[in-house]
Structure formats: structure tokens, C-alpha cells
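A.B. asks: From the sequence below, what's the structure:
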Amino acid sequence: MIRHFTATAFIIDSKKRTLLLWHKRLQRWMPPGGHIDPNETPEAAAKRECKEETNLDVDIIGDPTEDLFTENKQEGQMLIKPIAMLLEEIPASPERGEEAHQHMDFLFVAKPLDETQAVRIAEEESDRMRWFNLQEVEALDSGTEIFSNVKAYIRTLLG
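C.D. replies: Now for the predicted structure:
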């Protein structure tokens, strides 16, 4: 099975809403995300995908972790710990010339750096984008409008 590394970010604003995009190919509301480029860290990919897909500059939020490099900074740096790592089944896409494959997805939480910054849709990926509060996400149908795991993560993050 072919596997790709990907990164996804649930952008949460100060009003406890999350920004979702209507994914054209998958026909579901999804958080921004995509493939990790060569030599890119997962959190850098999540930030880049947020900018490309929504126009928002974001900060990736992570749990506090002990910096194991404090004594020897030249040895490396700590990466932001994702909230989850998933193995997702991606169906074949003949129109894109893609076989069925899997995504090894790093899930992050992000916050907008500037909540007055205008959002803008990346039209090649989506034709709709909007902020959802928890009640609006709960009202979405898990069979046709949102994947159940996406809804479950939003429930955890906004609940």
C-alpha cells in the first residue's frame, strides 16, 4: 500500500469555532491540511496548508513538553506533539490518476495569529468555507456532510 505523510490543523478561534472547508473531491466538511513536502516538519506543513487553503496565518498549539535539548541545542529541537496520528484510507481517484492509498496524518490544533485577517478559499480544493460552532458541527450528518472522526475531534476540541 502506498502511504503519504500529511498534516491537518483544526483552527480554533477565540469564539470557540473551527474553520472548515467543503472538500470538492471527498464531498465533506474538512479542516485544512495536505501533504508534507520533502524536508518539511509536520507542524510547518500544517501552518503552510492553513495559509494556502484559508489565507490565515496560524500558530500551532501543542502540549507543553520538556525540552530535551536544553543542554545541547546543537543536537536538535523538540517538535510540537500532534493531538493524534491517523492512518486514513484514501479511495482511488481516476480523474487525478491516483490509486487508492493511505495518509499517515499528523493532527494539530491551531489558532489564528490575527483574527481580523480575511479568510480566502483556495478554489482548486474547495468552493465553500465557514466557521462552525459546536452546535453547528453536531447538526452535520456524519454519513454525508462530515467524517465521523472529524466530528469527534471537533467535539473534543470545542466541547
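
A.B. asks: Tell me which residues touch the residue nearest to R3 when sequence neighbours are not counted, please.
C.D. replies: Excluding its sequence neighbours, the residue lying closest to R3 (CB to CB, 6 or more residues apart in numbering) is Q102, at 4.7 Å. (Glycine included, C-beta is placed from N, CA and C.) By CB atoms under 8 Å, 6 or more residues apart in numbering, the contact list for Q102 reads M1, I2, R3, H4, L87, E88, E89, I90.

A.B. asks: ok, 10 Å please
C.D. replies: M1, I2, R3, H4, T6, L86, L87, E88, E89, I90 (CB atoms under 10 Å, 6 or more residues apart in numbering).

A.B. asks: Please report phi then psi for D127.
C.D. replies: phi -120, psi 0 (degrees, to the nearest 10).

A.B. asks: swap that for K73, sorry
C.D. replies: phi -60, psi -30.

A.B. asks: And S142, by the same measure?
C.D. replies: phi -70, psi -10.

A.B. asks: doesn't the residue nearest to R3 fall inside a strand?
C.D. replies: Yes. Assessed by DSSP: H, G, I helix; E, B strand; the rest coil, Q102 belongs to a strand.

A.B. asks: who does it bridge with?
C.D. replies: Residues in a beta bridge with Q102, per DSSP bridges, are R3, E89.

A.B. asks: one step back: what is the nearest of the contacts of Q102 to E125?
C.D. replies: Nearest to E125 among the contacts of Q102: T6, at 13.3 Å, using CB to CB.

A.B. asks: quick one, what contacts M85?
C.D. replies: Contact analysis of M85 by CB under 10 Å, 6+ apart lists F5, P42, M104, D105, F106, L107.

A.B. asks: how close does it sit to K151?
C.D. replies: 19 Å (CB to CB, to the nearest Å).
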